[in-house]
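>>> Below is the sequence, then the predicted model.
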Amino acid sequence: MSAISLSGKELAASLRARAKEAADALTAAGTPPRLAVVVATDDGSSLWYVRSIAKAAAKSGIVCDVVDLGADATVAEIRRALETLSADDTVHGVILQTPLPEGASAADLAGTIDPAKDVDGANPASLGRLAARLPAFAPATAEAVVALLDHHEVPLPGRHVVVVGRSTVVGVPAAHLLLARDATVSVCHSRTADLPGMTRRADVLVVAAGRAGLVTAGHVAPGTVVVDVGTNPAGDGGLVGDVAPEVSEVAGALTPVPGGVGPVTTALLLGHTVAAAAHLTQR
Ligand SMILES: NC(=O)C1=CN([C@@H]2O[C@H](COP(=O)(O)OP(=O)(O)OC[C@H]3O[C@@H](n4cnc5c(N)ncnc54)[C@H](OP(=O)(O)O)[C@@H]3O)[C@@H](O)[C@H]2O)C=CC1
Ligand SMILES: Nc1nc(=O)c2c([nH]1)NC[C@@H]1CN(c3ccc(C(=O)N[C@@H](CCC(=O)O)C(=O)O)cc3)C=[N+]21
């Protein structure tokens, strides 16, 4: 066990404290910040995340409404819920939880979320603005990757960051944020030829593939900083990342799962919600 552990707990706690301060001020001024989470799934890990958002929101003084449409919700029902919440002046943040029922497109549906309330950066317009380096809410997970690297003072300018995964929730927005920080970014995916050859060339390796143990010691050059975004259900009811435990023998530093990117993600989502509430009450 040689790698330094890059915990997210300390950063998450300070982000939650900051969110609570802003939330309490908004509430005192008559506008309690309110987040709505639209759910149309019975996926266990997704529902776990929803419960953890609700709990964290309550502790930070943010009202959280879970709008559960059930796993057999239709596209029209989901769209109507998102439109209603976007038009509701008492709601400041709207997120659409994935996975969705078959035939429903998250990107298409999220296009109906008011960009001012799009606190998980799911509207394609938000992703476009991020790519254009215009102000926008970034997906909380992608932002958490950069925030965690900053917190642990890992320099980014000029460094080669290899991102494994190209989803619009994590890999692609993380790549945009890292480019904006002057990193040189390579994005790998399931059709990448010679993944180990690519990842061994990274100064910083960000793994968001959703495959337990995908990245092994042979994928990592000595001293690399590794960010493990994966949250895969483990056999024992716990959680494991995408990076095999043996990687800690070669990496210079490694984010733990649990206790790494996950808690920072939830804390940033709350921060986005109070920022949205502050902005919406001003306009
Ligand atoms: N900690 C947190 O806060 C969060 C954690 N997560 C976790 O992060 C992981 C990724 O999430 P998400 O991006 O939504 O997942 P997706 O399934 O949407 O995307 C996975 C990406 O990984 C790529 N991939 C899959 N297998 C391989 C492989 N063998 N080699 C190379 N690339 C591969 C896929 O490639 P292709 O495009 O070719 O299919 C795809 O681009 C999951 O474990 C998820 O639970 C997600 C959000 C938040
Ligand atoms: N549109 C969308 N946005 C998401 O951000 C999103 C999603 N869909 N679908 C599901 C995944 C999963 N996800 C997690 C976030 C935090 C933890 C987290 O905080 N986990 C704790 C511990 C959990 C435990 O120990 O069981 C930790 O890592 O320390 C986990 C998982 C967000 N997701």
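Good, I have the coordinates. Ligands and ions are numbered 1, 2, ... in the order given.
>>> buried residues in the helix of greatest length in the chain?
In the chain, taking DSSP state H as the definition, the longest helix is helix 261-282. Buried residues in helix 261-282, defined by neighbour count with 16 or more other C-beta atoms under 10 Å: 261-278, 280. Every residue, glycine included, has its C-beta placed from N, CA and C.
>>> next one: stretch 102-111
Across stretch 102-111, burial judged by 16+ other C-beta under 10 Å covers 104, 106, 109-111.
>>> so what's the residue in the stretch 151-283 of the chain that ligand 2 sits nearest to scoring on pLDDT?
As assessed by C-beta to the nearest ligand atom, ligand 2 sits closest to G262 within the stretch 151-283 of the chain, at 2.4 Å. Looking at G262, its pLDDT reads 97.
>>> For the most centrally placed residue in the chain, give its distance to ligand 2.
With distances taken as C-alpha atoms, centre = their mean, T141 lies nearest the centre of the chain, 1.5 Å away. According to C-beta to the nearest ligand atom, to the nearest Å, T141 stands 5 Å off from ligand 2.
>>> so that residue sits right up against G260, yeah?
No. Taking contacts as C-beta atoms under 8 Å, T141 lies outside contact range of G260: 11.3 Å.
>>> helices or strands up against the helix-or-strand element of the chain with minimal mean pLDDT?
Each helix and strand of the chain was given a mean pLDDT (mean pLDDT, DSSP states H and E); the minimum falls on strand 232-233 at a mean of 90. Judged by 3 or more C-beta pairs under 8 Å, 6 or more residues apart in numbering; DSSP states H and E, the packing partners of strand 232-233 are strand 239-240.
>>> Briefly note if the strand it packs on comes near ligand 1.
No. Using C-beta under 6 Å from any ligand atom, strand 239-240 never reaches ligand 1; the gap is at least 9.0 Å.
>>> when you scan the helix or strand just after that strand, is anything in it near ligand 2?
Using DSSP states H and E, the helix or strand that follows strand 239-240 towards the C-terminus is strand 253-254. No. Counting by C-beta under 6 Å from any ligand atom, ligand 2 is not contacted by strand 253-254; separation bottoms out at 13.6 Å.
>>> And for stretch 151-166?
No. Residues of stretch 151-166 contacting ligand 2 under C-beta under 6 Å from any ligand atom: none, with a closest distance of 12.5 Å.
>>> So what touches stretch 18-29?
Contacting residues not belonging to stretch 18-29 are listed as 32-33, 59-62, 267, 270-271, 273-275, 277-278, 281 [C-beta atoms under 8 Å, 6 or more residues apart in numbering].
>>> could you give the mean pLDDT of stretch 208-225?
98.
>>> Next, see if that stretch gets close to ligand 1.
Yes. Counting by C-beta under 6 Å from any ligand atom, ligand 1 has neighbours in stretch 208-225: 208-211, 214.
>>> which ones are touching P222?
P222 neighbours (C-beta under 8 Å, 6+ apart): 250-252.
>>> which one of those has the most neighbours?
A251 (25 neighbours; other C-beta atoms under 10 Å).
>>> Identify the residue spatially nearest to that one, adjacent ones excluded.
Spatial nearest neighbour of A251, excluding adjacent residues (C-beta to C-beta, 6 or more residues apart in numbering): A3 at 4.2 Å.
>>> end to end, how far does stretch 135-154 reach?
Terminal residues of stretch 135-154 lie 24 Å apart, using C-alpha to C-alpha, to the nearest Å.
>>> same deal with stretch 102-118?
First-to-last distance for stretch 102-118 - C-alpha to C-alpha - comes to 23 Å.
>>> where's that stretch relative to the chain centroid, distance-wise?
Relative to its chain's centre, stretch 102-118 lies at 16 Å (C-alpha atoms, centre = their mean, to the nearest Å).
>>> now the strands for the protein?
Counting by DSSP state E, the chain has strands at residues 4-5, 34-39, 63-68, 93-96, 160-164, 184-188, 204-207, 225-228, 232-233, 239-240, 253-254.
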